[in-house]
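[1] show me the folded form of this:
(one chain, ligands or ions: 1)
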Amino acid sequence: MKFFLDTANIAEIEEAASWGVLAGVTTNPTLYAREGGKLADFHDHLKRICDIVDGPVSGETVGLHRDEIVREGEALSAIAPNLIVKVPTMPEGLAATKALSDKGIKVNMTLCFTVPQAMLAARSGASYISPFVGRFDDISEDGIDQLSQVVTALANYDFGHDVEVIAASIRSANHVTQAALMGADIATVPFAVLKNLVKHPLTDRGLESFLADWEKVKNA
Ligand code: G3P
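    Below is the predicted model:
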């Protein structure tokens with residue numbers, strides 16, 4: 001499993017990149033707005049992220065019609081070679097994904113919840129598909145089970161191009177564990193979740209006792 005950071009926060013991205021585990025970044029309009037982002041700075045902000053991250057960086061389109069999405073996607077794609085165009089799952093989004101992928105522009109199809117949506121995304125040429133886990137849990141459905149169905153169904157077919165599943169809307173270490181066990185290619189996680197992934201009380205307790213015992217060695 002590869003780890004992406006689900007954020008538009010530059011400091012978080014720099015910190016995660018310094019750990020040596022960051023394989024990519026996903027952003028969306030909400031995450032950019034959370035950083036106080038302005039429309040005029042949007043492309044510059046994505047460029048900064050693309051320069052930090054050695055891997056795919058998703059920037060999302062907001063158009064609702066095919067040609068509009070394609071125009072936005074082409075402009076986003078010109079920002080950097082590692083910029084991936086993120087397109088919402090909807091009929092116009094599928095049409096735009098087909099047009100963009102035909103031009104060699106990689107698309108991450110987002111707001112994907114079901115197997116049929118994922119199948120259509122893959123057929124339209126999407127290189128990445130982002131099933132949302134936590135938002136299913138929010139409505140008292142099992143997001144991990146839904147993700148598992150998508151991973152299993154996609155593995156049944158050859159789409160003629162590489163398709164990677166990005167487990168998105170990840171809220172906990174358990175979500176990551178379950179996504180890894182089922183073989184999801186990527187987990188995109190908020191920075192708070194990434195920090196939690198590395199922690200365990202037994203690790204803390206073990207480190208504390210190793211350091212205490214090393215003090216005895218030093219003073220022996
Ligand atoms: O990248 C989009 C997705 O991860 C959103 O997550 O927590 O807003 O449901 P969340």
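[2] going forward, measure contacts between C-alpha atoms and count neighbours the same way
    OK.
[3] look up phi and psi at whatever residue of the chain ends up closest to the ligand.
    Minimum separation of the chain from the ligand (CA to the nearest ligand atom) falls at S169, amounting to 3.3 Å. The phi and psi values for S169, taken as degrees, to the nearest 10, are phi 50, psi 50.
[4] for it, give me its contacts.
    Shown in contact with S169 (CA atoms under 8 Å, 6 or more residues apart in numbering): P131, F132, V133, G134, R135, T188, V189.
[5] before we move on, what about V57?
    G24, V25, T26, T27, L46, I49, C50, N82, L83, I84.
[6] repeat the analysis, applying 6 Å as the threshold.
    V57 makes contact with G24, V25, T26, L83, I84, according to CA atoms under 6 Å, 6 or more residues apart in numbering.
[7] how about the residues of the protein near the ligand?
    D6, T26, T27, G134, R135, A168, S169 (CA under 6 Å from any ligand atom).
[8] chain neighbours aside, what residue packs nearest to the most centrally placed residue in the chain?
    Central residue check for the chain by CA atoms, centre = their mean: the C-alpha nearest the mean position is that of T188, 3.5 Å away. Nearest non-adjacent residue to T188, counting by CA to CA, 6 or more residues apart in numbering: F4, 4.3 Å away.
[9] in a strand, the one you found, correct?
    Yes - looking at F4 with DSSP: H, G, I helix; E, B strand; the rest coil, it is inside a strand.
[10] where is the longest helix in the protein?
    Looking across the chain with DSSP state H, the single longest helix is helix 201-219.
[11] next, T26: phi, psi?
    phi -120, psi 140.
[12] surely it touches G55?
    No - T26 lies out of contact with G55 (CA atoms under 6 Å); the separation is 10.6 Å.
[13] neighbours of Q146, how many?
    The number of residues packed near Q146 is 17, by other CA atoms under 10 Å.
[14] what number of residues lie near A78?
    A78: 13 surrounding residues under other CA under 10 Å.
[15] show me what contacts the residue nearest to the centre of the chain?
    Here T188 is in contact with F3, F4, L5, D6, A168 (CA under 6 Å, 6+ apart).
[16] pull up the pairing partners for the helix or strand it falls within, direction included.
    Assignment of secondary structure by DSSP states H and E places T188 within strand 186-189. Its sheet considered, strand 186-189 pairs with strand 2-6 (parallel), strand 164-167 (parallel) by DSSP bridges.
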